[in-house]
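**Q** This is a predicted model, with the sequence first.
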Amino acid sequence: MDDCIFCQLAHKEIPTDVVYEDDTVFAFKDIEPMAKIHYLFIPKKHITSVNDLKEGDAAVVADIFKAIATVAARDGFAETGYRVVTNTGADGNQSVYHLHFHVLGGEPIRFPGFD
Ligand code: 5GP
Ligand code: ZN
């Protein structure tokens with residue numbers, strides 16, 4: 001989608017701090033980190049939110065989680081642990097409408113209502 005900021009990042013139309021890339025998955029550092037490690041993992045293909053996942057999207061969601069595990073091991077925070085968060089819609093505080101998974105780690109992660 002032309003007016004989607006995360007599509008523009010994935011297509012390298014805007015530079016960003018890339019932490020992982022393969023055929024289907026793109027990951028980069030969050031511009032406003034909420035933890036020592038705060039990465040965002042997205043499908044390269046535009047999917048608006050969890051609400052918009054279709055039958056054929058199962059593989060890309062699995063690819064994203066495999067990529068998260070690969071990067072966590074590579075960057076040394078697999079053992080200490082991390083939190084994966086996906087916000088959906090208004091009540092979920094989703095601000096960018098391209099499906100993304102926050103990966104928060106590098107320190108104990110607190111989250112309102114989930115401590
Ligand atoms: P949401 O609130 O939709 O779950 O998360 C969107 C996230 O995207 C926020 O944490 C925000 O800081 C991040 N973000 C928004 N625009 C950009 C950008 O242009 N570059 C990067 N690297 N992160 C962004
Ligand atoms: Zn998009």
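**A** Everything's here; your move. Source: prediction; values computed, not measured. Numbering: from 1, shown residues only. Ligands and ions are numbered 1, 2, ... in the order given.

**Q** Identify the residues contacting the residue lying closest to residue 102 once chain neighbours are set aside.
**A** Spatial nearest neighbour of residue 102, excluding adjacent residues (C-beta to C-beta, 6 or more residues apart in numbering): residue 85 at 4.3 Å. Any C-beta I mention is one placed from the backbone N, CA and C, and that applies to glycine too. Residues near residue 85 by C-beta atoms under 8 Å, 6 or more residues apart in numbering: 101-102, 104, 111.

**Q** ok, now residue 87?
**A** 93-95, 102.

**Q** Could I have the PyMOL command that selects the buried members from those?
**A** Those of these that count as buried under 16 or more other C-beta atoms under 10 Å are selected in PyMOL with:
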select buried, resi 94+102
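
**Q** Would you mind putting the contacts of residue 87 into CSV with secondary structure, pLDDT and distance to residue 29 alongside?
**A** Below are those laid out as CSV (DSSP: H, G, I helix; E, B strand; the rest coil; pLDDT from 0 to 100; distance: C-beta to C-beta, whole Å):
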residue, secondary structure, pLDDT, distance to residue 29
93, coil, 94, 20
94, coil, 97, 19
95, coil, 97, 17
102, strand, 97, 11
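
**Q** Closest to residue 75 out of the contacts of residue 87?
**A** residue 102 (15.1 Å; C-beta to C-beta).

**Q** Can you give the strand pairings for the host helix or strand of residue 42, parallel or anti for each?
**A** Residue 42 is part of strand 37-43, with elements assigned from DSSP states H and E. Strand 37-43 pairs in its sheet with strand 25-29 (antiparallel), strand 101-105 (antiparallel), by DSSP bridges.
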